[in-house]
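J.: Below is the sequence, then the predicted model.
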Amino acid sequence: MNQLIRVDFVGPETANKPVQIVTYSKYSDGGMLAAASFVGILQMLKMMVLPMPVLLWNADPNFLEDGGLSLDAPNSKHFAERLQVAFEELAHYALIMKEHPLTK
């Protein structure tokens, strides 16, 4: 389930757009250090990073090969709820920023 993130192709179209960091890990930290180290990179790209990353711990048994959430896994209900809240937060900030764009 490893995925490569290519931010070197990101251009000015991402400036002043909200972004939510979601990490997963085999371990109990849920990718906390990866999330923290990525904030500065996204801010340099002028993205508006939401304050609370979604940290998914012990994630391997919770996700299927296609990236879907396994409903039978131990943390799947919590992960589904946390991801839903994150999507709602992202949509909220995207709407606010669309209605009130930053003018130069």
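T.: Right, received. Where do you want to start?
J.: Tell me the spacing between Asp66 and Ala36.
T.: In this view, Asp66 and Ala36 are 29 Å apart by Cβ to Cβ, to the nearest Å. Any C-beta I mention is one placed from the backbone N, CA and C, and that applies to glycine too.
J.: Between these two, which has more neighbouring residues?
T.: More crowded of Asp66 and Ala36, by other Cβ atoms under 10 Å: Ala36, with 12 against 6.
J.: any idea how far the more buried one lies from Met44?
T.: Here Ala36 is placed at a distance of 15 Å from Met44 (Cβ to Cβ).
J.: Look through the chain and tell me its longest helix.
T.: helix 76-99 (DSSP state H).
J.: mind checking pLDDT for Tyr24?
T.: pLDDT for Tyr24: 85.
J.: Next, give phi and psi for it.
T.: When quoted as degrees, to the nearest 10, the phi and psi of Tyr24 stand at phi -140, psi 150.
J.: can you check the one 5 residues further on too?
T.: The main-chain torsion angles of Asp29 are listed as degrees, to the nearest 10 and equal phi -80, psi -20.
J.: which SS state does Arg6 fall under?
T.: Of the three states, Arg6 takes coil under DSSP: H, G, I helix; E, B strand; the rest coil.
J.: Tell me the pLDDT of it.
T.: As predicted, Arg6 sits at a pLDDT of 71.
J.: Tally up the residues packed near it, please.
T.: Applying other Cβ under 10 Å, we find 6 residues neighbouring Arg6.
J.: Could you do the one 5 residues further on as well?
T.: By the other Cβ under 10 Å criterion, the neighbourhood of Gly11 contains 7 residues.
J.: Distance-wise, check it relative to Val39.
T.: Distance, Gly11 to Val39, by Cβ to Cβ: 20 Å.
J.: Check Leu83 too.
T.: Leu83 sits 19 Å away from Val39, going by Cβ to Cβ.
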